[in-house]
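Visitor: when you get a sec, could you give me coordinates for this:
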Amino acid sequence: MGVWDKIVFLNFDDTLVPQRQLLVFPHEWIELKDIRGTRMYAEPTSLRRIVERISQKVQQKIVLLGCGDFHYVTHLLLMLIKRPFTLLLFDNHSELISPLDSSLISCGSWIAASLNKLVFLKRVVIIGADAKTFCQVAPSFLPRVLYVPYCQIDDNIYRQVPSYLRWFLKRFPPITELGIEAAVRKLISYIPTATVYISIDKDVLRPQDAVTNWDQGMMNLEELLVALREVSGRKRVWGVDICGEMPLNPVELMRVDGREIVEKNMRANFEIISLLMNLGALENAS
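Guide: Residues are numbered from 1 along each chain as shown. Alright, predicted model coming up:
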């Protein structure tokens, strides 16, 4: 195993600017605000401009993306991996919606695009997502996706989803039933590759541990840290990205509640980055 040598800030929206405590880590800052048409989805021209700016600077790094509206950038990071790998996604949403326009990649469809286009991506493990967000998932994706629910799924959800999804949603026991350490050890047995990439949207966390602009899950920060520690000890981690910041305007940033939101999200980011730096969980490029 190698070591994480720096973090990279991708500045699409200034949500990371107030998180000054993160600057204690070795870092690089890449400005992307001037690229139009990047929030929620990106057109091919915008994607090309993003790739031109980041491709030489983000390989095998811890990358911060800003708010969850830019989570599709993970797809661009995965394009850089040239060996078989598995994606581990911590997210309250499946991100597996099939896009109406195949030329667009959005924050809700980027995993579908990755499964369709990336030959080195062998499996996706989605951890902590709300079961309802799988309702529009095409059956063709399911053999390459493992869903790890955080808690027991309500029977009403099973009645709402298509019949082909019911076995998929019940395939893996919930984390609250197994405990986080046992759940991670079990899910690792489903990973067919030596290399993994980890993508974290903090909306997987309960509001006590992070505040995002999307509906949130119930995982606590300590459980997320335990999961990262377990995975890093058993697999080669090629890279990690983190999103889920809360967009706040200048007036909101001056208010007490706005400052508390920034502090909470910064603390979560700091704990995640510190853990990864301490573990030295990066495999050097071969």
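Visitor: contacts and neighbour counts: CA atoms only from here.
Guide: Will do.
Visitor: what's the span of stretch 124-141, first residue to last?
Guide: 10 Å (CA to CA, to the nearest Å).
Visitor: averaged over its residues, what pLDDT does it have?
Guide: Computed over stretch 124-141, the mean pLDDT rounds to 92.
Visitor: check which residues of it are buried.
Guide: Applying a neighbour-count criterion of 16 or more other CA atoms under 10 Å, one finds 124-135, 137, 141 buried in stretch 124-141.
Visitor: state the mean pLDDT of stretch 105-112.
Guide: Rounded mean pLDDT across stretch 105-112 is 88.
Visitor: contact partners of that stretch?
Guide: 40-43, 68-72, 74-75, 93-99, 113, 141 (CA atoms under 8 Å, 6 or more residues apart in numbering).
Visitor: filter those residues down to the buried ones.
Guide: Using 16+ other CA under 10 Å, the buried ones in the contacts of stretch 105-112 are 41-42, 68-72, 74-75, 93-98, 113, 141.
Visitor: before we move on, the earlier item: filter the buried residues of stretch 124-141 down to the ones in strands?
Guide: V124, V125, I126, I127 (DSSP state E).
Visitor: okay if I get those as CSV plus distance to D14?
Guide: Output for these, formatted as CSV (distance: CA to CA, whole Å):
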residue, distance to D14
V124, 30
V125, 30
I126, 28
I127, 28
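Visitor: and those residues, which is closest to L178?
Guide: Of all those, I127 has the smallest distance to L178: 13.5 Å, by CA to CA.
Visitor: ok, the closest one - contacts?
Guide: I127 neighbours (CA under 8 Å, 6+ apart): L88, L89, F90, D91, Y147, V148, P149, Y150.
Visitor: okay, and which of those residues map to helices?
Guide: Among the contacts of I127, DSSP state H puts none in helices.
Visitor: neighbour count, pLDDT and distance to V184 for the residues you listed - can I get that in TSV?
Guide: Formatted as TSV, these follow (neighbours: other CA atoms under 10 Å; pLDDT from 0 to 100; distance: CA to CA, whole Å):
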residue	neighbour count	pLDDT	distance to V184
L88	22	98	11
L89	25	98	13
F90	25	98	12
D91	25	97	15
Y147	24	97	12
V148	24	98	9
P149	24	97	12
Y150	25	97	12
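Visitor: can I get those residues in JSON lines including distance to R229?
Guide: Converted to JSON lines, the contacts of I127 look like this (distance: CA to CA, whole Å):
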{"residue": "L88", "distance to R229": "13"}
{"residue": "L89", "distance to R229": "15"}
{"residue": "F90", "distance to R229": "14"}
{"residue": "D91", "distance to R229": "17"}
{"residue": "Y147", "distance to R229": "20"}
{"residue": "V148", "distance to R229": "17"}
{"residue": "P149", "distance to R229": "19"}
{"residue": "Y150", "distance to R229": "18"}
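Visitor: from those residues, which land in strands?
Guide: L88, L89, F90, Y147, V148.
Visitor: nearest to D215, of those residues?
Guide: For those, the nearest to D215 is F90 (14.0 Å; CA to CA).
Visitor: that older thread, sort out for me which of the buried ones among the contacts of stretch 105-112 are in strands.
Guide: Per DSSP E, the subset of those in strands is Y41, A42.
Visitor: give me the low-pLDDT residue ranges for the chain?
Guide: 1-3, 99-103, 281-286 (pLDDT under 70).
Visitor: could you pull out the helices for it?
Guide: So, for the chain - with DSSP H - the helices run 44-54, 73-78, 110-117, 155-160, 163-170, 175-178, 180-188, 221-234, 250-254, 256-279.
Visitor: can you redo those as CSV with distance to I198?
Guide: Below are the helices of the chain laid out as CSV (distance: least, CA to CA, whole Å):
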stretch, distance to I198
helix 44-54, 18
helix 73-78, 10
helix 110-117, 13
helix 155-160, 28
helix 163-170, 21
helix 175-178, 18
helix 180-188, 13
helix 221-234, 9
helix 250-254, 30
helix 256-279, 11
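Visitor: quick check: which of those is nearest to L16?
Guide: Across these (criterion: CA to CA), the nearest stretch is helix 256-279, sitting at 8.5 Å.
Visitor: since that was my last question, I'll sign off now.
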